[in-house]
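Novice: can't give you the sequence, but here's the structure:
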């Protein structure tokens, strides 16, 4: 075997973070990418953490810096300087939030997973740091050798909003299908009742209460669903309240069904599988997704899925979900009722969903990512 390819993975993206979003992507990719004899992997992060993943690769701690502002920025610059004469072949960031002068990184090739262009397009409150990160990638993405999207839609977003050269954009679907199983509904329901005291059938949503997750319209749609169709299913929303929890609770109260709208900030992944399997239906009416991982998680758990007809969601759902207009609460309510009323449709969605979920695996994500590394290494 020839010389190994030296790859620095900026693993701090997964440290001390609940495993959703970028943190989950980083963790699952690292878990599945390590152990390939063609590569020497280095996991680069800020502080020691109790994580067995760091035993499986060479660990690099970034220089410790304590400043009122910009500590991580200076820490990375010091790391760049320290390794300037001992360069990596590839350095890979798992999120688009890179600091100024990222192009000085001690690597022959730079890879950034931007997911899509959600940091630009997703609605939300104005945050200065987010604007700075967006500006950096828009102006300096020519210094990146590979920008990775998580869907074909994300690929187009990166080209459109970051003005990136399509020759430098790649996409790798996420996994997730192998992490969840089709648990027996009755036993899952019993477990959820005993641990969380949620009795009765329920509709599920798993998303932080952020503007682009569209929780407010879902609550409005739930009120319409209860009023118009006279059904009794509860609505369970699992996700941290962020800055919008108060408004979500106010809307729940206004709907008249506050006692049947259950908010849960966080559950362990094992429990999440039971929630998915116990639910009558999973509704994911997001306004912006680069992939939409909960769609696959719910499908793998044997639960019928309703999701949005925009951005990446139709691509990820394939023919295994009912699509809704996420801006129209009446449409959301009608589609929820249609699925719950039609047992044949529910069964068909479950079967199609289980089949669709098999298509998405973290092993495939890792293999496709390594193919990108090999292609870049071959063009050095």
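Specialist: Received the coordinates, thanks. Here the structure is a predicted model, which is why all the values come from computation and not from measurement.
Novice: for this protein, where's the lowest mean pLDDT among helices and strands?
Specialist: None of the helices or strands of the chain scores lower by mean pLDDT, DSSP states H and E than helix 118-121, at a mean of 86.
Novice: From the contact counts, what lies against it?
Specialist: Applying 3 or more C-beta pairs under 8 Å, 6 or more residues apart in numbering; DSSP states H and E, we find helix 118-121 packed against helix 128-140, helix 152-161. For the C-beta atoms, the positions are set from N, CA and C on the backbone; glycine is no exception.
Novice: what's the most buried one of these?
Specialist: Greatest average neighbour count among the helices and strands packed on helix 118-121 goes to helix 152-161 (a mean of 20), per mean count of other C-beta atoms under 10 Å.
Novice: re the thing from before, quick one: closest of the helices and strands packed on helix 118-121 to residue 28.
Specialist: helix 152-161 (17.1 Å; C-beta to C-beta).
Novice: Quick check: buried residues in the helix or strand following the closest one?
Specialist: Sequence order places strand 169-171 as the next helix or strand after helix 152-161, per DSSP states H and E. Applying a neighbour-count criterion of 16 or more other C-beta atoms under 10 Å, one finds 169-171 buried in strand 169-171.
Novice: which parts of the very next helix or strand once past strand 169-171 are buried?
Specialist: Counting by DSSP H and E, the next helix or strand C-terminal to strand 169-171 is helix 185-196. With burial defined by 16+ other C-beta under 10 Å, the residues of helix 185-196 counted as buried are 185, 188-189, 191-192, 196.
Novice: what's the answer for stretch 336-344, then?
Specialist: Buried residues in stretch 336-344, counted by 16+ other C-beta under 10 Å: 336-337, 339-340.
Novice: from these, which two are the most distant?
Specialist: Longest span within those, C-beta to C-beta: 337 and 339, 7.5 Å.
Novice: helix or strand for the nearest residue to residue 229 once chain neighbours are set aside, which one?
Specialist: Spatial nearest neighbour of residue 229, chain neighbours left out: residue 337 (4.4 Å); criterion: C-beta to C-beta, 6 or more residues apart in numbering. Secondary structure from DSSP H and E places residue 337 in helix 329-341.
Novice: which ones are touching the residue nearest to residue 229?
Specialist: By C-beta atoms under 8 Å, 6 or more residues apart in numbering, the contact list for residue 337 reads 225, 228-229, 231.
Novice: any idea how far the lengthiest helix in the chain is from the chain center?
Specialist: If you go by DSSP state H, the chain has its longest helix at helix 362-378. In terms of C-alpha atoms, centre = their mean, to the nearest Å, the centre of helix 362-378 is set 20 Å apart from its chain centre.
Novice: So residue 170 sits against residue 148, correct?
Specialist: Yes - taking C-beta atoms under 8 Å as the definition, residue 170 is a contact partner of residue 148 at 5.2 Å.
Novice: anything in contact with each of these two?
Specialist: Common neighbours of residue 170 and residue 148 (C-beta under 8 Å, 6+ apart) are residue 372.
Novice: Please confirm that residue 222 is located within a helix.
Specialist: Yes - the assignment for residue 222 by DSSP: H, G, I helix; E, B strand; the rest coil puts it in a helix.
Novice: And it, how close does it get to residue 232?
Specialist: 12 Å (C-beta to C-beta, to the nearest Å).
Novice: quick one, which of these two is more surrounded?
Specialist: residue 222 (27 against 9; other C-beta atoms under 10 Å).
Novice: Could you pull up the residues touching residue 15?
Specialist: Residue 15 is in contact with 45-47, 49, 51, counting by C-beta under 8 Å, 6+ apart.
Novice: if you go through the chain in chain order, where are the helices?
Specialist: Using DSSP H, the helices found in the chain span residues 22-33, 71-82, 118-121, 128-140, 152-161, 185-196, 215-229, 245-255, 269-278, 293-300, 313-317, 329-341, 343-357, 362-378.
Novice: wait, which of these is closest to residue 262?
Specialist: Set against residue 262 and scored by C-beta to C-beta, these come closest in helix 185-196, at 8.1 Å.
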